[in-house]
Structures are given as C-alpha cells and as structure tokens.
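Chemist: No sequence on hand, only this structure:
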C-alpha cells in the first residue's frame with residue numbers, strides 16, 4: 001500500500017476478473033471495514049464471497065455528499081461495483097467514509113497554511129499523543145498517489161487501517177503546516193510522515209533537518225561582559241523584537257530541565273498556531289497568551305525562519 005513516500009491503495013485490480021493479489025485484496029478489505037462495511041479480513045477474493053458482497057453493500061450505502069469536500073465525482077450506482085482499478089475513486093470513497101482523508105490546499109505560503117488550519121479546526125478534532133506511524137495505535141498523514149490534493153491518515157495497529165475521525169498532535173500538525181507552506185501539499189521530497197526521529201533529546205529538528213529553516217539567535221551579554229549569541233528565546237518580547245509579521249516561523253518548545261523539544265508550533269503575524277490537548281485540537285492564540293500558559297520548563301523557545 002505504501003509506495004516510497006506516498007500511498008497507492010492497490011497495484012492491481014481487485015474484484016471479479018481482477019488480478020486479486022493478496023496484498024491488494026487485504027487493503028480493500030481493510031478500507032471497507034474502516035468505512036463501516038463488515039467483511040472477512042482473510043486477504044482472499046472469490047466470486048460471490050464476503051468481499052464481493054461488501055463492495056455492493058458499500059456502493060449501495062455511499063452518499064455523494066460525503067465525498068464532495070474531497071473533490072470526488074458523483075458515483076455511478078447504475079452498474080454493480082464488481083471490479084476496482086488501481087487508484088479507483090471507489091477506494092477514495094471508502095477512505096472518505098472512514099473519515100481519514102484531509103483535503104490539501106494546493107497553494108503555498110500563508111494562504112495555504114490558513115486554509116489547512118481552518119479545515120482542521122472546523123472539524124473539532126481531538127489530540128493524538130503519538131506521532132510515529134510505526135508505533136502501536138499511532139497516526140500520521142501520507143500523500144496519495146496521483147491525488148496530491150488529498151492526504152490520508154494511517155493508524156498502524158496490528159497492521160490495520162483503522163477508521164477515523166482524524167486525530168492530530170503538535171508534531172503532525174506542524175509537519176503538515178510547514179510542508180503546505182513550502183509546497184502546497186504533502187507530496188514532495190521534503191515531507192516525511194513519521195515523527196519518532198525528531199524532538200526530545202534527539203538533536204534532530206523538524207524545522208532544520210526536514211524543511212531547511214534556520215535557527216534564529218538573539219544578542220545577550222555574556223558572563224565576561226561581552227555580547228554573544230543566544231540560541232533560545234524566553235519571552236514574547238524577545239521574539240517580537242526579531243520577527244516580521246508577514247513571515248512564518250517554526251517554534252520548538254523545551255519540555256524539561258535539559259530543554260529537549262517537547263512541543264511544536266507555528267508563528268505568524270503575532271499568533272501561535274498549534275495542535276494541543278484541547279477541543280478542537282487545532283488552535284490559535286496570541287503569542288503573549290501562549291507564553292502566559294507555558295510551564296517554567298517550557299519558557300525556552302527555539303525559533304526558526306526560512307533561509
């Protein structure tokens with residue numbers, strides 16, 4: 001299902017007269033299950049069997065209104081759904097019914113980021129505390145092969161595609177926002193879905209190592225009375241002194257006494273955009289209010305700007 005950096009649901013045809021490779025049938029069965037249609041997850045296909053019946057049942061219950069916001073065409077319900085092509089719209093309809101699709105803006109800069117944030121916020125999504133796709137019960141977001149205007153949430157739990165609703169966290173949110181800011185979608189060479197290799201005490205920074213942003217500094221007085229550059233910020237005033245309102249900045253926030261990164265956020269025009277443990281999880285608030293709510297350990301901000 002996962003092909004390098006993007007998702008392609010099947011490589012061959014599935015259904016009556018199809019190639020019905022084991023992995024392809026297994027993927028279709030999982031999508032049907034996630035979409036609310038019960039089907040035996042046996043990985044096989046036979047004429048008139050459970051999978052064939054499930055395809056017809058999904059076709060019968062499908063509502064075109066569900067796919068409208070994802071740009072899915074009205075479905076053909078006149079002809080029985082018996083054969084799925086690779087990249088078939090019916091596979092996308094299953095993902096839409098499973099509530100695991102996200103529409104991508106398709107344009108860059110803050111215009112694209114604002115549209116993505118507003119969509120995530122409008123859905124009232126809840127917070128998901130893990131970012132690593134390969135971890136148990138964790139979620140991440142993948143571009144879809146031949147449909148760069150869409151992304152899909154994959155939740156890896158015992159190898160299954162689990163149903164939504166979508167959940168986000170600070171890392172997956174910031175990862176998508178930076179990708180959209182630079183590329184308009186997730187289908188680009190810099191985006192990587194997982195997040196287990198970044199943050200904490202890893203020394204790997206989402207902003208620098210994936211998106212080639214630059215660590216910002218500020219001038220402070222050293223112990224010897226000479227000016228030196230500090231790589232951290234501890235107040236809204238310090239940040240406001242170095243940023244420009246029309247630019248986007250990535251923020252990585254300390255979470256422990258060693259100042260390891262424990263939270264990611266985006267700064268634009270004096271407002272913090274982030275995913276946090278709230279409903280909706282995608283939130284925005286003024287920079288000073290953001291600082292007011294920080295734990296003392298977290299008043300250590302790494303600030304990044306475009307090169």
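Modeler: Thanks, I have it. Nothing here was measured: the structure is a model prediction, and the numbers come from that model.
Chemist: Tell me how many other residues crowd residue 127.
Modeler: Residue 127: 18 surrounding residues under other C-beta atoms under 10 Å. C-beta here means a position set from N, CA and C on the backbone, and glycine is covered the same way.
Chemist: scratch that, residue 193
Modeler: 25.
Chemist: A strand includes residue 94, no?
Modeler: No - Residue 94: not assigned to a strand; according to DSSP: H, G, I helix; E, B strand; the rest coil it is helix.
Chemist: next one: phi and psi at the closest residue to it other than its chain neighbours?
Modeler: In space, and not counting its chain neighbours, residue 94 is closest to residue 31: 4.0 Å by C-beta to C-beta, 6 or more residues apart in numbering. Main-chain torsions, residue 31, degrees, to the nearest 10: phi -60, psi -40.
Chemist: if I look at residue 31, how far off is residue 117?
Modeler: Noted for residue 31: a distance of 28 Å to residue 117, by C-beta to C-beta, to the nearest Å.
Chemist: More neighbours: the two, which one.
Modeler: The residue with more neighbours, out of residue 31 and residue 117, is residue 31; 28 against 24, by other C-beta under 10 Å.
Chemist: Give me the distance between the more buried one and residue 72.
Modeler: 14 Å.
Chemist: In this structure, which strand is the longest?
Modeler: Longest strand in the chain, counting residues (DSSP state E): strand 147-157.
Chemist: Identify the residues contacting it?
Modeler: 2, 7, 70-71, 87, 92, 95, 100-104, 106, 133-144, 161-162, 164, 166-167, 176, 185-187, 193 (C-beta atoms under 8 Å, 6 or more residues apart in numbering).
Chemist: Which residue would you name as the spatial centre of the protein?
Modeler: residue 141 (3.8 Å; C-alpha atoms, centre = their mean).
Chemist: tell me the phi and psi of it?
Modeler: Backbone torsions for residue 141, taken as degrees, to the nearest 10, come to phi -120, psi 130.
Chemist: looking at it, residue 83 is touching residue 12, isn't it?
Modeler: No - using C-beta atoms under 8 Å as the test, residue 83 is too far from residue 12 to be in contact (11.0 Å).
Chemist: where do the contact lists of these two overlap?
Modeler: Counting by C-beta under 8 Å, 6+ apart, the shared contacts of residue 83 and residue 12 are residue 18.
Chemist: circling back: partners of the longest strand of the chain, with directions?
Modeler: strand 101-103 (antiparallel), strand 138-144 (antiparallel), strand 160-161 (antiparallel) (DSSP bridges).
Chemist: now those as CSV including mean pLDDT and distance to residue 18?
Modeler: Formatted as CSV, the strands paired with strand 147-157 follow (pLDDT from 0 to 100; distance: least, C-beta to C-beta, whole Å):
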stretch, mean pLDDT, distance to residue 18
strand 101-103, 97, 24
strand 138-144, 87, 21
strand 160-161, 78, 20
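Chemist: Of those strands, which is nearest residue 209?
Modeler: strand 138-144 (16.8 Å; C-beta to C-beta).
Chemist: Sort out which residues of the closest one are buried, please.
Modeler: If you call a residue buried by 16 or more other C-beta atoms under 10 Å, then strand 138-144 has these buried ones: 138, 139, 140, 141, 142, 143, 144.
Chemist: Kindly report the same for stretch 99-115.
Modeler: 99, 100, 101, 102, 104, 105, 110, 112, 113, 114, 115.
Chemist: do the same with stretch 46-59
Modeler: Using 16+ other C-beta under 10 Å as the test for burial, stretch 46-59 gives 50, 51, 52, 54, 55, 57, 58, 59.
Chemist: ok, now stretch 177-194?
Modeler: Neighbour-count burial for stretch 177-194 [16+ other C-beta under 10 Å]: 177-187, 191-194.
Chemist: Can you tell me which of these is nearest residue 19?
Modeler: residue 187 (26.1 Å).
Chemist: For the closest one, give me its contacts.
Modeler: Contacts for residue 187 were tallied using C-beta under 8 Å, 6+ apart; they are 5, 6, 143, 144, 148.
Chemist: okay, those in CSV with distance to residue 210 next?
Modeler: Converted to CSV, these look like this (distance: C-beta to C-beta, whole Å):
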residue, distance to residue 210
5, 12
6, 16
143, 15
144, 20
148, 18
